[in-house]
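In: Next comes the sequence, and after it the predicted model I'd like to discuss.
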Amino acid sequence: MSHELYNLPLYYDIAFTWDLNPELDFFDRLYESYVPFDVQRILEPACGTGRFLRAFPTRGYAITGYDRSPEMLAFASARIAEAGIGEMAEAVPGEMASAKYDCEFDMALNSINSLGYLLTDEEIILHFKLTGEALRPGGIYVVHIACALDCEPDPEGDTWTMKRDGISVTTTWGVEREDRETRLSHQLCRMEIDDHGRSVTLVEPHVTRLWFYEEFRDLVARSGTLELKAVYSEKFDEIPLDSQITGEMGNLYYVLKAVRYSDECRSENSAPGR
Ligand SMILES: C[S@@+](CC[C@H](N)C(=O)[O-])C[C@H]1O[C@@H](n2cnc3c(N)ncnc32)[C@H](O)[C@@H]1O
């Protein structure tokens with residue numbers, strides 16, 4: 001399903017751009033703890049407008065992002081060119097259920113619930129398998145998602161306003177309903193945009209996967225290429241793997257390790273920064 005929000009990259013980028021340094025510091029700590037080699041090349045499935053494609057090169061990492069929205073990709077590519085970081089970052093077309101790379105990356109990142117746009121077990125397992133194969137054995141895939149709530153969702157959701165260059169975007173994102181039978185989360189995004197005095201309103205449903213921790217673990221294990229190693233809170237504190245994890249804990253970071261020990265890794269590759 002295509003979403004109007006992802007046809008409006010400038011407004012998305014204003015609404016969802018914040019200081020990424022705390023997250024980048026956290027990822028640096030994860031590399032030290034979990035990756036047995038120097039992390040140099042990063043893959044970002046569903047990269048959107050390229051918030052991370054612009055941020056990682058400032059710390060010396062090369063990054064490839066892919067996304068299925070041509071509008072998001074065009075915006076990301078233009079920003080990369082403006083920043084003069086084309087040697088270190090690229091935004092390319094790709095679908096999470098089919099994008100294929102071979103051992104080209106040291107780390108992969110899937111941010112703010114983007115993985116949830118894969119709805120079926122089959123698509124999710126395939127995505128995990130392919131992403132595991134895209135990583136060097138020992139590399140990690142960091143997935144940022146929220147699980148199903150224990151209580152009834154609050155349809156009011158969260159509201160925040162961001163401003164840039166005369167444009168103000170007020171976003172409200174709420175979960176209207178969680179359907180445990182179909183494993184779908186029915187969410188509503190509302191954006192009130194003031195673009196130099198012109199008002200634009202976007203109201204759009206987003207249906208995403210409803211995650212249950214044990215099922216998520218099982219889907220990871222069934223990929224055959226990734227293994228759950230650790231879970232971290234929004235504040236970057238480690239949560240024991242045997243905890244009861246629910247949506248009330250917010251968007252958590254799941255650290256998945258590439259466990260494919262094969263001799264099939266290509267020696268040459270096309271990732272940027274090479
Ligand atoms: C919430 S945005 C997140 C973008 C980016 N990860 C970030 O942190 O800003 C979700 C992105 O997922 C992309 N997307 C959704 N389903 C996808 C799929 N099946 N394959 C590739 N990209 C997808 C959308 O086009 C959109 O850019």
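Out: Okay, I see it. Numbers count the residues shown, from 1 in each chain.

In: what residues does the stretch 101-250 of the chain put near the ligand?
Out: Residues of the stretch 101-250 of the chain lying near the ligand by C-beta under 6 Å from any ligand atom: 111, 112, 114, 117. The way it works is simple: take the backbone N, C-alpha and C, and place the C-beta from them, glycine included.

In: Highest neighbour count among the residues you listed?
Out: residue 111 (22 neighbours; other C-beta atoms under 10 Å).

In: what's the closest non-adjacent residue to it?
Out: residue 144 (5.0 Å; C-beta to C-beta, 6 or more residues apart in numbering).

In: part of a strand, is the one you found?
Out: Yes - under DSSP: H, G, I helix; E, B strand; the rest coil, residue 144 falls within a strand.

In: Surely it is in contact with residue 52?
Out: No - between residue 144 and residue 52 there is no contact under C-beta atoms under 8 Å: 10.9 Å.

In: So which of these two has more stuff around it?
Out: residue 52 (23 against 18).

In: Just to be sure, the more buried one is in a helix?
Out: Yes - if the criterion is three-state DSSP, then residue 52 is within a helix.

In: residue contacts, it?
Out: With contact set as C-beta atoms under 8 Å, 6 or more residues apart in numbering, residue 52 has these partners: 20, 42, 44, 63, 65, 109, 111.

In: Residue 148: which of those is nearest?
Out: Nearest to residue 148 among the contacts of residue 52, counting by C-beta to C-beta, is residue 111 at 19.7 Å.

In: mind checking pLDDT for that closest one?
Out: Looking at residue 111, its pLDDT reads 97.

In: That one contacts residue 145, correct?
Out: No - counting by C-beta under 8 Å, residue 111 does not reach residue 145; the two are 9.6 Å apart.

In: which residues do residue 144 and residue 52 both contact?
Out: Shared contacts of residue 144 and residue 52, counting by C-beta under 8 Å, 6+ apart, come down to 109, 111.

In: measure residue 29 to the ligand for me?
Out: 19 Å (C-beta to the nearest ligand atom, to the nearest Å).

In: ok, now which ones touch the nearest residue to that residue once chain neighbours are set aside?
Out: Ranked by C-beta to C-beta, 6+ apart and with sequence neighbours excluded, the top spatial neighbour of residue 29 is residue 236, at 7.7 Å. By C-beta under 8 Å, 6+ apart, the contact list for residue 236 reads 22, 26, 29, 253.

In: Let's see if you can find the most crowded of the residues you listed.
Out: residue 253 (22 neighbours).

In: Please report the distance of the nearest residue to that residue once chain neighbours are set aside from the ligand.
Out: Nearest non-adjacent residue to residue 253, counting by C-beta to C-beta, 6+ apart: residue 232, 4.3 Å away. From residue 232 across to the ligand, the span is 17 Å (C-beta to the nearest ligand atom).

In: Okay, domains of this protein per the record?
Out: Annotated domains of the chain cover 4-147+210-258, 158-208 [automatic domain parsing].

In: Can you say which of the ones you listed is packed in most?
Out: domain 4-147+210-258 (a mean of 19; mean count of other C-beta atoms under 10 Å).

In: can I assume residue 239 is in contact with residue 246?
Out: No - the pair residue 239 / residue 246 is not scored as a contact, 11.4 Å apart, by C-beta under 8 Å.

In: The residue in the chain that the ligand sits nearest to - nearest residue in space that isn't next to it in sequence?
Out: As assessed by C-beta to the nearest ligand atom, the ligand sits closest to residue 48 within the chain, at 2.5 Å. The shortest distance from residue 48 to any non-neighbouring residue, by C-beta to C-beta, 6+ apart, is to residue 72 (5.1 Å).

In: Check which helix or strand the one you found maps to.
Out: When elements are assigned from DSSP states H and E, residue 72 belongs to helix 70-83.

In: Ok, residue 29 next?
Out: For residue 29, the enclosing helix or strand under DSSP H and E is helix 21-34.

In: which residues are in contact with that helix?
Out: Helix 21-34 is touched from outside by 39, 55-56, 59, 106-107, 109, 140, 142, 229-230, 232, 236, 253, 255, 257, with contacts defined as C-beta under 8 Å, 6+ apart.

In: And stretch 144-155, by the same measure?
Out: Contacts of stretch 144-155 (C-beta under 8 Å, 6+ apart): 109-113, 115-116, 174-178, 180, 185, 188, 210-213, 216, 245-254.
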